[in-house]
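Enquirer: A predicted structure for the sequence below; I have some questions about it.
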Amino acid sequence: MKRFFSIVSVILMCSSFIYAQKETFKSELYIGAGGGVASSSMDFVPGIQQKLNIGFHGGIAAKLISEKHLGLIGELNFAQRGWKEEFDPELGFDYSRTLNYVEVPFMTHIYFGNSFRFIINVGPQISFLIGDKQKMSQALADDLEARRSASPDARIGVQYSPRSEMSVVDYGLIGGAGVALKTPIGDFDLEGRYYFGLGDLFTSRRSENAFFSRSAHRAIEAKLTYYVKIR
């Protein structure tokens with residue numbers, strides 16, 4: 001968490017420095033809403049074979065352009081993340097888990113152009129776990145039960161632990177690029193983003209009871225946001 005706040009401080013200081021160098025500019029304020037799809041997975045150490053998990057993400061946004069080519073974006077989003085495990089097809093195993101988050105990214109917004117713009121957004125993000133849903137085939141459930149019965153003290157299937165054993169707060173960095181189109185009816189921002197989680201979903205090996213030394217989120221997102229200028 002200290003690393004996260006250090007990165008946030010550096011980003012904010014850099015933004016403040018850039019603003020201080022700019023000449024007076026009439027600020028613009030926009031509000032909007034948007035959504036898209038996300039392909040997510042988990043960075044597990046020890047590793048687990050995975051497929052990409054496809055989910056929805058979207059919500060509301062506010063964009064402040066306070067300097068030419070530069071501004072800030074804050075969002076409040078609902079997002080589905082998670083992972084799907086990959087097994088030998090002959091085993092008949094299947095497992096997927098979807099984690100529902102409320103996300104709050106706060107990004108520096110950089111743009112180039114006028115009516116048609118190239119945009120770059122980057123900054124920190126904090127998220128809160130509000131729910132989850134998992135699907136497990138009966139064959140896998142039976143196999144886990146048999147192995148746990150044979151070795152009661154072994155850490156088997158830690159990634160299948162209940163939500164009570166997961167961290168409620170997640171944090172990391174998000175960045176992306178795309179294009180924006182300004183029209184008489186509003187602005188349309190289309191972008192691709194990558195989220196790099198810095199926190200661990202499960203207890204890390206800094207605790208003597210931990211199994212995973214790393215269990216962080218990774219996500220690739222595509223999002224379309226519609227903005228209306230209010231000032």
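Expert: That came through, no problem.
Enquirer: which strand is the longest one in this structure?
Expert: Counting by DSSP state E, the longest strand found in the chain is strand 116-136.
Enquirer: quick one, phi psi at D88?
Expert: Phi and psi for D88, reported as degrees, to the nearest 10, are phi -60, psi 120.
Enquirer: again with the one 5 residues further on
Expert: For F93, the backbone dihedrals (degrees, to the nearest 10) come out as phi -90, psi 150.
Enquirer: go on, P89?
Expert: Residue torsions, per degrees, to the nearest 10, at P89 are phi -60, psi -30.
Enquirer: Pull up the pairing partners for the longest strand of the chain, direction included.
Expert: Strand 116-136 has the following strand partners under DSSP bridges: strand 95-113 (antiparallel), strand 169-183 (antiparallel).
Enquirer: what comes up buried for the shortest one?
Expert: By neighbour count, with 16 or more other C-beta atoms under 10 Å as the criterion, the buried positions of strand 169-183 are 170-176, 178, 180. Every C-beta, even on glycine, is put in place using the N, C-alpha and C of the backbone.
Enquirer: what does stretch 65-82 give?
Expert: Under the neighbour-count criterion of 16+ other C-beta under 10 Å, stretch 65-82 has 65-67, 70-73, 75, 77, 79-82 buried.
Enquirer: what does stretch 187-195 give?
Expert: For stretch 187-195, by 16+ other C-beta under 10 Å, it's 187-189, 191, 193, 195.
Enquirer: cool, stretch 124-132 as well?
Expert: Neighbour-count burial for stretch 124-132 [16+ other C-beta under 10 Å]: 124-127, 129, 132.
Enquirer: ok, these vs T98, which is closest?
Expert: The nearest member of the buried residues of stretch 124-132 to T98, counting by C-beta to C-beta, is D132 at 6.5 Å.
Enquirer: Who is the closest one paired with across the strands?
Expert: Bridge pairing for D132 - DSSP bridges - gives L99.
Enquirer: what's downstream of the longest strand of the chain, the next helix or strand?
Expert: Heading C-terminal from strand 116-136, the first helix or strand you meet, by DSSP states H and E, is helix 138-150.
Enquirer: follow-up on the earlier one: what is the nearest of the buried residues of stretch 187-195 to S151?
Expert: If you rank the buried residues of stretch 187-195 by distance to S151 using C-beta to C-beta, Y195 comes first, at 36.0 Å.
Enquirer: now the closest one, nearest residue through space, not along the chain?
Expert: What sits nearest to Y195 in space, not counting adjacent residues and going by C-beta to C-beta, 6 or more residues apart in numbering, is A219, at 4.2 Å.
Enquirer: burial of that neighbour, as a residue count?
Expert: Residues near A219, counting by other C-beta atoms under 10 Å, number 24.
Enquirer: Kindly state the beta-bridge partners for it.
Expert: S40, Y195.
Enquirer: Contacts only, for it.
Expert: Neighbour list for A219: 38-41, 79, 81, 193-195 [criterion: C-beta atoms under 8 Å, 6 or more residues apart in numbering].
Enquirer: Work out which residue lies at the spatial centre of the chain.
Expert: By C-alpha atoms, centre = their mean, the mean C-alpha position of the chain lies nearest to Y195, the distance being 4.7 Å.
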